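K.L.:
what's the 3D shape of this:
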Amino acid sequence: MDQLDAMAGAKREGATDSQLEESRQLQRRAQWRLDFIAAENSMGFHAPQEAARVLAEAVDYARQGQVSALQATR
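P.N.:
Numbering: from 1, shown residues only. Next comes the predicted model:
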């Protein structure tokens, strides 16, 4: 949510779609990983280390996207 809030704030401050493109791509990567864990149905029961790794990637991509959005208007 922090990334999406940062993107919305950058948009309000006048960031263009092209300035926010990198942040959008990173958000898609993060969301895909979250969707994968949710769709996998066991929520990591059978492979908890792999689920943790995938979720850590999601967090990393989301934070990178948040930074990208915050830098879009600077």
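
K.L.:
residues contacting Arg12?
P.N.:
Residues in contact with Arg12 (Cβ atoms under 8 Å, 6 or more residues apart in numbering): none are found. Quick note: C-beta positions are derived from backbone N, CA and C, even for glycine.

K.L.:
The residue with the largest distance to the centre of the chain in helix, strand or coil?
P.N.:
Residue farthest from the centre of the chain, counting by Cα atoms, centre = their mean, is His46 at 24.8 Å. Classification of His46 by DSSP: H, G, I helix; E, B strand; the rest coil places it in coil.

K.L.:
just for this protein, where's the confidence low?
P.N.:
Residue ranges of the chain with pLDDT under 70: 43-44.

K.L.:
Dihedrals phi and psi, the residue farthest from the centre of the chain?
P.N.:
The phi and psi values for His46, taken as degrees, to the nearest 10, are phi -80, psi -20.

K.L.:
Okay, it and Ala10: tell me how far apart.
P.N.:
39 Å (Cβ to Cβ, to the nearest Å).

K.L.:
isn't Ala10 right up against Leu20?
P.N.:
Yes: assessed by Cβ atoms under 8 Å, Ala10 is found in contact with Leu20 at 6.2 Å.

K.L.:
Could you tell me which residues touch both of those two?
P.N.:
Joint contacts of Ala10 and Leu20 (Cβ under 8 Å, 6+ apart) are 69, 72.
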